[in-house]
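Enquirer: would you be able to build a 3D model of this:
(2 chains)
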Amino acid sequence: MVLFTLLVLIPVAGALIAWLIPSNVKRPWVMPVTACLHLALVVAIVVAPPLQSRNEWIDLDAIGKLFLLEVSALFAACAFYSVSYLHYRRERNNRVLCMGMQVCLAAMSLAAGVHHMGLLWLAIETTTLSMAPLVYFNRNARSIEATWKYMLICSVGIALALLGIFFLAYSTVVAGLPPSLLLEPLQGYAPRLPAGWLHAAFVFLLVGYGTKMGLAPLHTWKPDAYGEAPGLVGAMLAGGLANCGFIGLIRIYQICMASGNAPFCRAALLGIGLLSLFTAAAFLVHQTDFKRMLAYSSVEHMGLFAVALGLGGKALYGAMLHLIGNGLAKGVLFLAAGNIHRAFASKSRDSARGALRRAPWSGALFLAGFLAMTGSPPFLIFSSEYSFFVAAFTQGHPLVGGLLAVLLMVAFLGMAMTVLPVVFGEPPKNRERTKYHDTALLVGPPLALLTILGVVGVWLPQPLYRLVNAAAALLEVAR
Amino acid sequence: MSSFADQLLVLVLLINILILGTHRARVAIRAIALQGVVLGMMPLLIHPVQGHILLITLFVVLAKGVCIPWLLFGALSKIEFSEDLPPFLGYAGNVIAGAVATVMAFAFAARLPLAPHHQELLTVPAALATILAGFIALASRRKAINQVIGYLMLENGIFIFGLLLTEAMPLMVEAGALLDLIAGIFVMGIIINQIGREFSSIDTSRMTALREEE
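Expert: Residues are numbered from 1 along each chain as shown, chains lettered A, B, ... in the order given. As a prediction, this is how the structure comes out:
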């Protein structure tokens, strides 16, 4: 409990220190320090034996631990990257960026551990707010448009999630039970809750957290925000905040699974998941802007999360693996994409061509990240996507399995049509050469994330394997 | 006592219609502030007075009656306001849509399986009507400031539903939600300013740079 409090307080303290430091050059160094402390603490908590005396409000379960590991590693990569990135852009004041990133880390840490639906909502809402000014880092007309859409759509979505939580609490009132928003009591009450109110709660929470995750058709803010935000902010949005929305969805899923209303929820999740996969595949083909492409790839993988929850069974193990895979692979891709963007001063595949020659490390990382993201072995996402197929074909959803195969293939080809010219193309002759060149801090962090993805994809360490299994078991209450 | 609460809810519903019908942002801001204050008082009327309830009332009235209007007026004062941007359905269309939504909310709420002691209250239909009115404002208004006001109406509607559940929501979460709301409006205020500077208008339908290329 003390350790968990520290987990939230360290980034908050980091944000305050960042606020106090006047120098634009020294300030970014606060983030790597915060990141190292945070990561060390997370590892200590995950390795430590679980506590016997559990708090009803705060209880870091296996799902929370997995999410924390992923977010902390991703933040560490972004933090070290940011030092070099913000040095490159030192004419811009980075105070808000340094504070926002750390407040967001604090809120995500809180979201990982809370078992009170209201407090969880609060944490997720805070992550949305803290990132809004960061989308606007570039201070131009395009980024203001992106920020406005992000802010308005996500705020409305998250407000609907609150309504869903109220419906959930109200279902306990209608059932004549003591009103509660704590996860464990709600799971206990679940079979006695009136189905109508529970369904309404689930639908509103799916829409609310689905907006946050970026499930189609609620994803419209995503390409704009991801396209206009700096690479490291995009990495946090796609690998941190989107997964955080998924944590919110998981909690209501746990309650619904305990209630005996599983078929309704599973059908809804399968529907919205497949729609997201379809939308993503459609927009990934002929996408010229490689940052917007990454946004649609994120829509695709959020759709996979929803499909995995909808399938249940063996897919849940994959979903938990995917929590790590999606987060880290998005980190690799966005950080490398940020580098390529600056090397060519363009994020269109028409003018940013031939990254391998212009910025070889970043180009290679972008290519490898693309392979990792689309589920090529040996990277981790291969295992998680494989488990989705196993679940679909062995648990009586062959149609879903077939659709998954087609849509993932289209998405792969669509992304390849953008990634390959950017990496291998002929660099344009007539463009002015930018000052950018690959440095250790700009390519080291994504390389580290990629290495983790590769190693864990081949050999999952025993403790991590147990953690993933424990997390998947938590989702299986109904069986 | 609760009949007085119902009368206040009717006032809230009328404010919805007023906001949908007015073309002056300043009137709309005052109206949404009044709605917030009225709603802030509600917990005192429908629950026995105790420390928890008093604190919530104080927070809500300060946040929705003072803090948020101040932020919104602040966002307005820095930009020129000469243009009149009628909403997509026109003002009359907005009012009619609001009235239809209110009627539908009542009809729908009557069929909901509510707890027996909530059947007679206006709380649930008023909540649904206000949420719908918020959506109408969000979808039809073109000025950024009016969209924010629509969002606040939506929040107020959700707050009305929350009145049924004051026991379930701990004070800490309630206060945190208000803080987040204020911070959100603060950020939106800043963005509105920047939109005004960047586009020399806060007509959000002009923001069309970001879209998929054909």
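Enquirer: so where's chain B shaky on pLDDT?
Expert: In the predicted model of chain B, residues B:1-2, B:78-84, B:213-214 satisfy pLDDT under 70.
Enquirer: so which residue is dead centre in it?
Expert: B:Met153 (1.5 Å; C-alpha atoms, centre = their mean).
Enquirer: give the contact list for it.
Expert: Counting by C-beta atoms under 8 Å, 6 or more residues apart in numbering or on different chains, B:Met153 makes contact with B:16, B:19, B:32, B:35, B:130-131, B:133-134, B:137. To be clear about C-beta, it is placed using only N, CA and C from the backbone, and glycine gets the same treatment.
Enquirer: ok, it to chain A distance?
Expert: Taking C-beta to the nearest C-beta, to the nearest Å as the measure, B:Met153 falls 11 Å from chain A.
Enquirer: who does the helix or strand A:Pro445 falls within touch, helix- and strand-wise?
Expert: Secondary structure from DSSP states H and E places A:Pro445 in helix A:440-458. Here helix A:440-458 touches helix A:62-88, helix A:314-344, helix A:360-373, helix A:380-394, going by 3 or more C-beta pairs under 8 Å, 6 or more residues apart in numbering or on different chains; DSSP states H and E.
Enquirer: what residues does the following helix or strand past it touch?
Expert: Of the helices and strands lying after helix A:440-458 in sequence (DSSP H and E), the nearest is helix A:462-474. Helix A:462-474 is contacted by residues A:46-47, A:61-63, A:65-66, A:254, A:316-317, A:319-321, A:456, A:460 when judged by C-beta under 8 Å, 6+ apart.
Enquirer: kindly list the longest helix within chain B.
Expert: helix B:171-199 (DSSP state H).
Enquirer: in that helix, what's buried?
Expert: B:173-196, B:198-199 (16 or more other C-beta atoms under 10 Å in any protein chain shown).
Enquirer: so is it next to chain A?
Expert: Yes: interface with chain A: helix B:171-199 contributes B:172-173, B:176-177, B:180, B:183-184, B:187-188, B:190-191, B:194-195, B:198-199 (C-beta under 8 Å from any C-beta of the partner chain).
Enquirer: strands along chain B, start to end?
Expert: For chain B, no strands are identified by DSSP state E.
Enquirer: show me which of the contacts of B:Met153 neighbour chain A.
Expert: Applying C-beta under 8 Å from any C-beta to the contacts of B:Met153, those adjacent to chain A are B:Ile131.
Enquirer: could you list the low-pLDDT ranges of chain A?
Expert: Ranges of chain A meeting pLDDT under 70: A:50-54, A:477-479.
Enquirer: try 50 this time
Expert: A:478-479 (pLDDT under 50).
Enquirer: would you mind finding the longest helix in it?
Expert: helix A:141-174.
Enquirer: so what secondary structure elements neighbour that helix?
Expert: When contacts are defined as 3+ C-beta pairs under 8 Å, 6+ apart, helix A:141-174 packs onto helix A:117-135, helix A:183-189, helix A:195-213, helix A:221-228, helix A:242-259, helix B:123-140, helix B:144-162, helix B:171-199.
Enquirer: swap the cut-off to 7 Å and go again
Expert: Packed against helix A:141-174 by the contact rule (3 or more C-beta pairs under 7 Å, 6 or more residues apart in numbering or on different chains; DSSP states H and E) you find helix A:117-135, helix A:195-213, helix A:221-228, helix B:144-162, helix B:171-199.
Enquirer: list the buried residues in that helix.
Expert: A:141, A:143-174.
Enquirer: that one vs helix B:171-199, what angle?
Expert: In terms of direction (axes from the mean of the first three to the mean of the last three C-alpha atoms, to 10 degrees), helix A:141-174 departs from helix B:171-199 by 160 degrees.
Enquirer: now the angle between helix B:123-140 and helix A:141-174, please.
Expert: 170 degrees.
Enquirer: the closest residue to B:Leu8 other than its chain neighbours and B:Leu13: what is the separation?
Expert: Using C-beta to C-beta, 6 or more residues apart in numbering or on different chains and skipping the chain neighbours, the partner closest in space to B:Leu8 is B:Val38 (5.4 Å). Separation of B:Val38 from B:Leu13 (C-beta to C-beta, to the nearest Å): 11 Å.
Enquirer: which of those two has more neighbours?
Expert: B:Leu13 (21 against 18; other C-beta atoms under 10 Å in any protein chain shown).
Enquirer: wait, what's in contact with that one?
Expert: B:102, B:126, B:129 (C-beta atoms under 7 Å, 6 or more residues apart in numbering or on different chains).
Enquirer: go again using 8 Å as the cut-off
Expert: Taking C-beta under 8 Å, 6+ apart as the test, what B:Leu13 contacts is B:102, B:126, B:129-130.
Enquirer: so what's A:Ala112 up against?
Expert: A:Ala112 makes contacts with A:60, A:64-65, A:67-68, A:71, A:247, as judged by C-beta under 8 Å, 6+ apart.
Enquirer: which bits of the stretch 1-150 of chain A sit near chain B?
Expert: A:116, A:118-119, A:121-122, A:125-126, A:129, A:132-133, A:136, A:139-142, A:144-149.
Enquirer: count the neighbours of the residue lying closest to B:Ala168 once chain neighbours are set aside for me.
Expert: The spatial neighbour of B:Ala168 that comes closest, neighbours along the chain excluded (C-beta to C-beta, 6+ apart), is A:Pro179 at 3.5 Å. A:Pro179: 18 surrounding residues under other C-beta under 10 Å.
Enquirer: quick one, what contacts A:Pro179?
Expert: If you count contacts by C-beta under 8 Å, 6+ apart, A:Pro179 has them with A:169, A:172-173, B:165, B:167-168.
Enquirer: show me which pair in those is furthest apart.
Expert: A:Thr172 and B:Glu167 (10.3 Å; C-beta to C-beta).
Enquirer: tell me which parts of the stretch 201-350 of chain A are close to chain B?
Expert: A:223-224, A:227-228, A:283, A:287-289, A:292.
Enquirer: which one (most neighbours) among these?
Expert: Among these, A:Glu228 has the most neighbours (other C-beta under 10 Å), with 28 neighbours.
Enquirer: isn't it right next to A:Ala141, touching?
Expert: No: at 10.0 Å, A:Glu228 and A:Ala141 do not qualify as touching, with contact defined as C-beta atoms under 8 Å.
Enquirer: quick one, phi/psi of A:Thr434?
Expert: phi -80, psi 170 (degrees, to the nearest 10).
Enquirer: can you pull the contacts of it?
Expert: A:342-345 are the contacts of A:Thr434 under C-beta under 8 Å, 6+ apart.
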